[in-house]
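**Student:** Give the three-dimensional model of this entry:
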Amino acid sequence: KLRNDSETNLQFAEASRLAGTDPSFQAEIAVAQGRCEIIKGKIDAAEEHFQQALQSAQVDDFTRLDASHGLALCALRRRKNELGVDLMLQVLKASRAQQNDYFEERALGGLGYAYAELGAFTKALENSSAAEDLAGKLHQTQDQQKWQLDVGRAYMLIGQWGSAKEFFRKAMATATSLHDSTVVIGCLHNLAEIEIWHGSLQRAEDFHEQAGKLNPQRDDLLYWKLDEAVIASRKGDLRAEALLLALLPQIEKVPRLTWTVEAELAQLYDRQGGAARADEWFQRSIKTIDDATMHMNKVEFKIATRDSFPIIGEYVAFLVAHNQPERSLQVGQLARARSLAEELGVKKPPKESARAWVTRVQAMLRAKKEMALAYFNSEAGAYVWVVSPNRLQVKKLETQQVELETLTASYVKEIADHTDLASSSAQRKLYQLLVMPVREFILPGTHVVLVGDSALYRINFETLISDADQPHYWIDDVEIEYASSLDLLLAGQTVHRNGRGLLLLGAPEEVQREYPRLPNAPEEMKNAQKHFPETDVKVFSGKEAVPETYTGGHPGQFKYIDFATHGTADASDPMNSAIILSKGPHGTFQLYARDIVKPELKLNADLVTISTCYGAGKDAAASEGLMGLQRAFLRAGAHQVIAALWNVSDETSPAIIDRLYDGISRGETPSQALRSAKLKLVHSGDYHRAPFYWAPLQVYTGR
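**Tutor:** Numbering: from 1, shown residues only. Here you go, the predicted structure:
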């Protein structure tokens, strides 16, 4: 009846008459009307019907779920994806509470789609896969084909092409049997995208032509036109520019499509030799992304959006190719720690030339007697900039993003296996790829500020092995601290801290078997405490070391804060990472990252030390770094944080902490003192010289 509005309205009017004054039946009718309006694309009317159903005091649980799911769908149709996530999560929670598999499946599917639109591709894959699996168990074939398409899309967006194609073929087979051309068109569009990405333009054109024969409509038509324009651009077709420019007015309300078209125009003009026009369109594309993130409420989605699209990498590669080292470095730092800077209230500086910006960075390094290595890693290429007080040099690295990720995985395994100097092949290879190209610019004893990227956040560069003279760890040659971004370092020059003394928490009671007592934690705490006057230290250990000790203890008054305990890192939700303490009066023993960043707990600390396992975090965002406890303390206002990349050894931690605070008490910086402590173990001559024991703790500098 949907093709005949008059007939549809008559049927609903008759249903309403038969329902009479029964509010439950009237609510069901309102939901059915809302569903029909969604199919017709009338979202305002659909929302009114769903709201009407929810206003009924006697609506049953099933109808309430149905109406709530309808409102969530309306949010997604309006491209209000953050709101859609919130509403779908509510539906998911309610459906599980009611053990309603049908709406659980649909909520999971909606979440998968929304997360993909927001750039959170891992979460998209997780939810779409769960929806597809549940739809299969429920024999909901109509839904299953949609989730198969979304699973394939998520795989495609994280670069797992084989799995993506497998699910697109599954979805096409199911959709063909159901005569659902919309899903088939979606699969063909995504298959065309994969072939475009791999340069197989004839295969992309074949998929594109198949989709065109199915008469795509609405959004499907926009994507079809986009494929046509991009294929033309990559083939050097003279129509490409006109096709791309004609698309822009049609997609102005869809930021993701807009910045894709703008980036394609930039590449087209670059291929045609129009560098100035290419530069203009690269900048327009980046501005579109920035404008889109400004309207997002949640930090996680801002970060995901900035991380998930390759335009910055393509622009950096363009600038390096056109011999613009200053501008390429400035652009490479554009997204670095942007969200952290916003959370800290760092104002975006007035627009300045790349040369003026680099001059300010060099002046800062000169004053600190430091140099910086800034890495940038994308599918368009990997680069490193050497920034010293008197030099700026950019080098293209002879490696690809996939190789670095593979090598990093091997590196992590070597560390976990306690591999020694002679047997660490990944650590040697990483040194050759990442350090050798710039080694000539780095004098022995240099203090290096290192700004990482992507997989490199999981590497402690101190552990990389140089074969110069005789094999040795790079820590023998340099002192390293890790910075979130060069811009945050510049902003930190004007920050004044007034903390005093040491706040020390740790050695908690055992609260769960997975968090046993740490036998050496009391010694570690004594080793920290002894380097401060007794009147300048507040110590909470054992049953006194509870989360409320920190949250209610005015941590902002301290210059140093130290935790000697267990920690957890939550890769799926970094704000759920926690420091493990004793059980407090309310039964809570976790000091969560989300608690640490509360405004009322703003810090003045010069240094926060977290000698817990994975205190740096497990989840890494390309633009922001590791998203664990260290970032939470930087966001709370700490100048520097010492945190761990992997498990901290309870047997070596007391000695490291002792030497750390001994050095600080004698006027050394945290990075100097921590390096000295590590070198004692590196040259100890026993099994503690393996990086597993000495290298987990790193110095992270905010501002």
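
**Student:** Where does pLDDT dip in the chain?
**Tutor:** Across the chain, residues meeting the criterion (pLDDT under 70) sit at 1-7, 19, 57, 349, 494, 615-617.

**Student:** For the helix ranked longest in it, report the contacting residues that lie outside it.
**Tutor:** Under DSSP state H, the helix in the chain containing the largest number of residues is helix 275-294. Residues from elsewhere that reach helix 275-294 (Cβ atoms under 8 Å, 6 or more residues apart in numbering): 255-256, 258-260, 262-263, 265-270, 301-302, 305-306, 309, 311-312, 314-315, 318, 322, 331, 334. Quick note: C-beta positions are derived from backbone N, CA and C, even for glycine.

**Student:** which stretches of the stretch 601-703 of the chain form helices?
**Tutor:** 629-636, 653-665, 670-682, 691-694 (DSSP state H, counting those that start in this stretch).

**Student:** between those, which one is nearest to Met525?
**Tutor:** Ranking those by proximity to Met525 (Cβ to Cβ) places helix 653-665 first, at 8.4 Å.

**Student:** picking that back up, for Trp646, which of the helices of the stretch 601-703 of the chain is the nearest?
**Tutor:** When the helices of the stretch 601-703 of the chain are compared (using Cβ to Cβ), the closest one is helix 691-694, at 7.3 Å.

**Student:** ok, back up a step: nearest to Thr535, of the helices of the stretch 601-703 of the chain?
**Tutor:** Thr535 sits nearest to helix 653-665 of all these, at 15.2 Å, using Cβ to Cβ.

**Student:** Pull out the buried positions in stretch 134-144.
**Tutor:** For stretch 134-144, the neighbour count (16 or more other Cβ atoms under 10 Å) marks Leu134, Ala135, Gln140, Asp143, Gln144 as buried.

**Student:** Quick one: classify the last one as helix, strand or coil.
**Tutor:** In the three-state summary, Gln144 is assigned as helix, counting by DSSP: H, G, I helix; E, B strand; the rest coil.

**Student:** Verify the stated contact: it with Lys137.
**Tutor:** No - assessed by Cβ atoms under 8 Å, Gln144 is found out of contact with Lys137, at 9.7 Å.

**Student:** circling back to that earlier point, now whatever helix or strand comes next after the longest helix of the chain against helix 629-636, angle please.
**Tutor:** Per DSSP states H and E, helix 275-294 leads on to helix 299-307 as the next helix or strand towards the C-terminus. When axes from the mean of the first three to the mean of the last three Cα atoms, to 10 degrees is applied, the directions of helix 299-307 and helix 629-636 differ by 100 degrees.

**Student:** Which strands or helices does the helix or strand following helix 299-307 pack on?
**Tutor:** The first helix or strand that comes after helix 299-307 along the chain, using DSSP H and E, is helix 311-321. Applying 3 or more Cβ pairs under 8 Å, 6 or more residues apart in numbering; DSSP states H and E, one finds that helix 311-321 makes contact with helix 255-271, helix 275-294, helix 325-332, strand 371-378, strand 381-388.

**Student:** Please export the C-alpha coordinates of the third one as PDB.
**Tutor:** Once side chains and other backbone atoms are set aside, the C-alpha atoms of helix 325-332 remain, and they are given as PDB (Å, rounded to 0.1, in the frame of the first residue of the first chain):
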ATOM      1  CA  PRO A 325      59.500  20.500   4.400                       C
ATOM      2  CA  GLU A 326      58.200  23.200   6.700                       C
ATOM      3  CA  ARG A 327      54.600  23.000   5.400                       C
ATOM      4  CA  SER A 328      54.700  19.200   5.300                       C
ATOM      5  CA  LEU A 329      55.700  19.100   9.000                       C
ATOM      6  CA  GLN A 330      53.100  21.600  10.000                       C
ATOM      7  CA  VAL A 331      50.300  19.700   8.200                       C
ATOM      8  CA  GLY A 332      51.600  16.400   9.600                       C
END
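
**Student:** Next, the buried residues of the helix or strand following it.
**Tutor:** Using DSSP H and E, the helix or strand that follows helix 325-332 in sequence is helix 338-343. Neighbour-count burial for helix 338-343, counted by 16+ other Cβ under 10 Å, picks out Arg338, Ser339, Leu340, Ala341.

**Student:** repeat for stretch 499-510
**Tutor:** The neighbour-count check on stretch 499-510 (16+ other Cβ under 10 Å) flags Gly499, Gly501, Leu502, Leu503, Leu504, Leu505, Gly506, Ala507, Pro508, Glu509 as buried.

**Student:** cool, stretch 648-656 as well?
**Tutor:** Counting neighbours by 16+ other Cβ under 10 Å, one finds that the buried residues in stretch 648-656 are Val648, Ser649, Asp650, Thr652, Ser653, Pro654, Ala655, Ile656.

**Student:** Let me see the contact set for the residue nearest in space to the middle of the chain.
**Tutor:** With the centre of the chain defined as its mean C-alpha position, the nearest residue by Cα atoms, centre = their mean is Ala621, 3.3 Å away. By Cβ under 8 Å, 6+ apart, the contact list for Ala621 reads Ile303, Ala304, Asp307, Met627.

**Student:** Tell me where the stretch 551-700 of the chain has strands.
**Tutor:** 560-564, 566-568, 578-580, 590-592, 607-610, 620-621, 625-626, 640-644, 697-701 (DSSP state E, counting those that start in this stretch).

**Student:** Just put these in JSON lines and tack on distance to Leu157.
**Tutor:** Below are the strands of the stretch 551-700 of the chain laid out as JSON lines (distance: least, Cβ to Cβ, whole Å):
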{"stretch": "strand 560-564", "distance to Leu157": "37"}
{"stretch": "strand 566-568", "distance to Leu157": "28"}
{"stretch": "strand 578-580", "distance to Leu157": "30"}
{"stretch": "strand 590-592", "distance to Leu157": "30"}
{"stretch": "strand 607-610", "distance to Leu157": "33"}
{"stretch": "strand 620-621", "distance to Leu157": "15"}
{"stretch": "strand 625-626", "distance to Leu157": "21"}
{"stretch": "strand 640-644", "distance to Leu157": "30"}
{"stretch": "strand 697-701", "distance to Leu157": "29"}
